[in-house]
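Novice: Prediction below, plus the sequence it came from.
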Number of protein chains: 2
Amino acid sequence: MADILHRIGATTTPERVYDALTTVDGLAAWWTEDTHGDGEPGGVLQFRFPQGGFDMKVLETRPKELVLWEVVDGPEEWLGTRVRFDLKQADDYTIVLFRHEGWREPVEFMYHCSTKWGTFLMSLKQLLETGQGDPSPRDVRISDWH
Amino acid sequence: MADILHRIGATTTPERVYDALTTVDGLAAWWTEDTHGDGEPGGVLQFRFPQGGFDMKVLETRPKELVLWEVVDGPEEWLGTRVRFDLKQADDYTIVLFRHEGWREPVEFMYHCSTKWGTFLMSLKQLLETGQGDPSPRDVRISDWH
């Protein structure tokens, strides 16, 4: 098993980060504009991109602390993996520890997704600090795979 | 053991990517301006940042294909780990498959370094495509840890 890890900090409150991870409007403002569904525990979120998409079942949320999803539909490599955001405060920053865990093999697509997650988390930081993120379809291009 | 993975693609030739990974001037233009040493096999490269730095022994290079370093000085978590860049062509792009391998534990510093590597690889892409990277000390700030 292999995991993608990231850490960003945004000069904002844990409440605002939590909202950006649990509401459709929040998620649409940094990950993909084509976001639908329900971000509460037991709900399913649908994220769509020009190239495809993912359905995430919300396994657990704890206000200001944790958001945990399981991939229930999407590319074969993602099925059954989990996406986890742990939040904490550090002085003026809210820190997001991100983990996309449970990849069966470190395939080339995992390398790509790691870098894409990094740029999307920078989009989240930018949204929280400036009010404007870079969600799909105007996300940062990193390669031929977009 | 845990690895940091990334994948970027730049619209340039493998030769130019290889130069940016093996010459002091190339490395100084995307990772840190304070770069010294020798990027040829058996050489040691010194990378310095306001917060500290790393010494990398060059284990292997293959023109247009591979650069492999071992960390011989730096933070305890980095010692003995390896940094690997595999290059290949895909249509108009040169693809860089990046791996920082052999972390003993997925400590919080590893989460941070994963995101930093992502932004530095985007700096490499930008350098190759526009002639201007974002090396330290004017690198992209991602958190309280810079």
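Specialist: Sure, I can see it. Numbering: from 1, shown residues only, chains lettered A, B, ... in the order given.
Novice: Just the buried positions in the longest helix along chain A, please.
Specialist: Across chain A, the helix with the greatest residue count (assigned by DSSP state H) is helix A:108-130. Residues A:109-128 are the ones in helix A:108-130 that count as buried (16 or more other CB atoms under 10 Å in any protein chain shown). No exception for glycine: its C-beta is placed from N, CA and C like everyone else's.
Novice: quick one: average pLDDT of that helix?
Specialist: For helix A:108-130, the mean per-residue pLDDT is 98.
Novice: would you put the C-alpha positions of that helix in PDB?
Specialist: This file holds the C-alpha atoms of helix A:108-130, laid out as PDB (Å, rounded to 0.1, in the frame of the first residue of the first chain):
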ATOM      1  CA  GLU A 108       2.500   6.300 -12.900                       C
ATOM      2  CA  PHE A 109      -1.100   7.700 -12.400                       C
ATOM      3  CA  MET A 110      -0.300   7.900  -8.700                       C
ATOM      4  CA  TYR A 111       2.700  10.100  -9.400                       C
ATOM      5  CA  HIS A 112       0.400  12.400 -11.500                       C
ATOM      6  CA  CYS A 113      -2.300  12.500  -8.800                       C
ATOM      7  CA  SER A 114       0.200  13.400  -6.100                       C
ATOM      8  CA  THR A 115       1.300  16.500  -8.000                       C
ATOM      9  CA  LYS A 116      -2.300  17.400  -8.900                       C
ATOM     10  CA  TRP A 117      -3.400  17.100  -5.300                       C
ATOM     11  CA  GLY A 118      -0.500  19.500  -4.400                       C
ATOM     12  CA  THR A 119      -1.700  22.100  -6.900                       C
ATOM     13  CA  PHE A 120      -5.400  21.700  -5.800                       C
ATOM     14  CA  LEU A 121      -4.400  22.100  -2.100                       C
ATOM     15  CA  MET A 122      -2.600  25.300  -3.100                       C
ATOM     16  CA  SER A 123      -5.800  26.300  -4.800                       C
ATOM     17  CA  LEU A 124      -7.600  25.700  -1.500                       C
ATOM     18  CA  LYS A 125      -5.000  27.800   0.300                       C
ATOM     19  CA  GLN A 126      -5.500  30.600  -2.200                       C
ATOM     20  CA  LEU A 127      -9.300  30.400  -1.900                       C
ATOM     21  CA  LEU A 128      -9.100  30.800   1.800                       C
ATOM     22  CA  GLU A 129      -6.600  33.600   1.800                       C
ATOM     23  CA  THR A 130      -7.800  35.600  -1.300                       C
END
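Novice: ok, which stretches of chain A are helices?
Specialist: Along chain A, the stretches classed as helices by DSSP H are A:14-22, A:24-28, A:108-130.
Novice: I'd like to know which of those is closest to chain B.
Specialist: Shortest distance between chain B and these, using CB to the nearest CB, is found for helix A:108-130: 3.3 Å.
Novice: name the helices or strands packed onto that closest one?
Specialist: Counting contacts by 3 or more CB pairs under 8 Å, 6 or more residues apart in numbering or on different chains; DSSP states H and E, helix A:108-130 packs against strand A:2-10, helix A:14-22, strand A:93-103, strand B:2-10, strand B:93-103, helix B:108-130.
Novice: let's see 7 Å
Specialist: Judged by 3 or more CB pairs under 7 Å, 6 or more residues apart in numbering or on different chains; DSSP states H and E, helix A:108-130 is in contact with strand A:2-10, helix A:14-22, strand A:93-103, strand B:2-10, helix B:108-130.
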